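J.: Dropping a prediction and its sequence here:
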Amino acid sequence: MAGRIVSHIVWSLHDGYDNLRRSPLLESQVMPELPEVETVCRGLEPELTGRMLTGVTLRRSNLRYPLPDGFVAKLTSRRVIAVRRRAKFILVQLDNEITLVIHLGMSGRLVIHTESPPPPPGPHDHVDVVTDTGVTIRYNDVRRFGFMDLISDADMSQHPMFAKLGPEPLGNGFNAEMLCETLAGRRTSIKAALLDQHVVAGLGNIYVCESLFRASISPKRNAYTIAGRRAERLVTAIRAVLKDAIAAGGSSLRDYVQASGELGYFQHKFQAYDQEGKPCVMPGCKGTVRRISQSGRSTFYCPGHQR
DNA sequence: ACGAGAACCTGTTTGC
DNA sequence: TGCAAACAGGTTCTCG
């Protein structure tokens, strides 16, 4: 049995790692947006919380950015207090008032190797972190849009990476009223506005398309026209889309733990994203999903019901 | 200040 | 068939 791929975490069991790396499942993975990062955090949590980091191996000194000075020394022999998520950032809180911040970028993956020693690293395996239980957490990133950083707890809130982030879409701070205020006066499209992490934190191209589809709002609509019932619909849709995706990721985690059945995550089908030319699945709508380009990025939507 | 587009990166897909 | 261009997309930077 080869290891199982769960969201952006890949569990490698005692064999099959080379096969796993060539698995077509890898190619069908969706990009890491909020639900994927949340799933990764839930997978990491039991492996890391309370554990001491006994070793760190760097195979290159830079990912997207240069790794901070003393990266290895500041992690080694530290204990993990908690694993959390903010927007698309994975936050590993350490016992020295420093947090390891991990961003998966577009192609970043974390591989949990339970066997010790772990398999030989591949060409894009950039960082290994080993815990006192002998588990290796390996960071792999083909395109190197991801990065890691160390931020002291005191600097966290003022850090440019976090200071201006919008609210968590699943949190209490995200509602129709605040969304209207944020979008007021914005001349750009609602599609572009929702991709802006300062408006709401954690959405990417895929879930913006899905949310607008579910809310029956055209991606071309001017952002400032989102108000009233339409804003309520959008907030509801964003929440529902994210919760569904997280639930799909969670069921994959359970599948892994029970070592049974197919991976629910990869069966997760999108209603709009990557569905160009397919009939709209919205009940009562006879439209066809179209693909357009907005600010250089693909948008999928149904002109039949998205207005 | 704001918005559009480029750049970063590499493996895969598409088109000539 | 083979090679080059296009494409994927999160974030930051530049330019108008």
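T.: Nice, thanks for sending it over.

J.: Low-confidence regions, the stretch 101-250 of chain A specifically.
T.: A:250 (pLDDT under 70).

J.: Contact residues of it facing DNA strand B?
T.: A:106, A:123-124, A:142-145, A:185-189, A:192, A:223 (Cβ under 7 Å from any atom of the strand). Heads up, the C-betas are built off the backbone N, CA and C, glycines and all.

J.: For A:Ser295, state which of these is nearest.
T.: A:Ala192 (5.4 Å; Cβ to Cβ).

J.: Find the nearest non-adjacent residue to that closest one, please.
T.: A:Ser295 (5.4 Å; Cβ to Cβ, 6 or more residues apart in numbering).

J.: For DNA strand C, see how far away A:Pro46 is.
T.: Distance, A:Pro46 to DNA strand C, by Cβ to the nearest atom of the strand, to the nearest Å: 25 Å.

J.: mind listing what's buried in the strand or helix carrying that residue?
T.: In the assignment (DSSP states H and E), A:Pro46 maps to helix A:34-48. The neighbour-count check on helix A:34-48 (16 or more other Cβ atoms under 10 Å) flags A:34-44, A:47-48 as buried.

J.: name the helices or strands packed onto that helix?
T.: Helix A:34-48 sits against strand A:9-12, strand A:80-86, strand A:89-94, strand A:108-113, strand A:136-141, helix A:228-258, with contacts defined as 3 or more Cβ pairs under 8 Å, 6 or more residues apart in numbering; DSSP states H and E.

J.: Who are the packing partners of the second one?
T.: This means strand A:80-86. helix A:34-48, strand A:89-94.

J.: What strands flank the shortest one, and is each parallel or antiparallel?
T.: So that's strand A:89-94. Paired neighbours of strand A:89-94 in the sheet (DSSP bridges): strand A:80-86 (antiparallel), strand A:98-103 (antiparallel).

J.: Rebuild those as CSV, extending it with mean neighbour count.
T.: Shown next, in CSV, are those (neighbours: other Cβ atoms under 10 Å):
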stretch, mean neighbour count
strand A:80-86, 17
strand A:98-103, 22
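
J.: Throw these into TSV and include distance to DNA strand C, thanks.
T.: Output for the strands paired with strand A:89-94, formatted as TSV (distance: least, Cβ to the nearest atom of the strand, whole Å):
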stretch	distance to DNA strand C
strand A:80-86	10
strand A:98-103	6
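
J.: so which of these gets nearest A:Gly202?
T.: strand A:80-86 (8.5 Å).

J.: residue in the stretch 101-250 of chain A nearest to DNA strand C?
T.: A:Gly204 (2.7 Å; Cβ to the nearest atom of the strand).

J.: okay, the spatially closest residue to that residue that is not a sequence neighbour: pLDDT?
T.: Among residues not flanking A:Gly204 along the chain, A:Glu33 sits closest, at 3.7 Å (Cβ to Cβ, 6+ apart). pLDDT for A:Glu33: 87.

J.: Settle this for me: A:Glu33 is touching A:Cys209, isn't it.
T.: No. Assessed by Cβ atoms under 8 Å, A:Glu33 is found out of contact with A:Cys209, at 11.0 Å.

J.: quick revisit: buried only: go through the residues of the stretch 101-250 of chain A next to DNA strand B for me.
T.: So, by 16+ other Cβ under 10 Å, the buried ones in those are A:His124, A:Arg144, A:Phe145, A:Arg186, A:Ser189, A:Ala192, A:Ala223.
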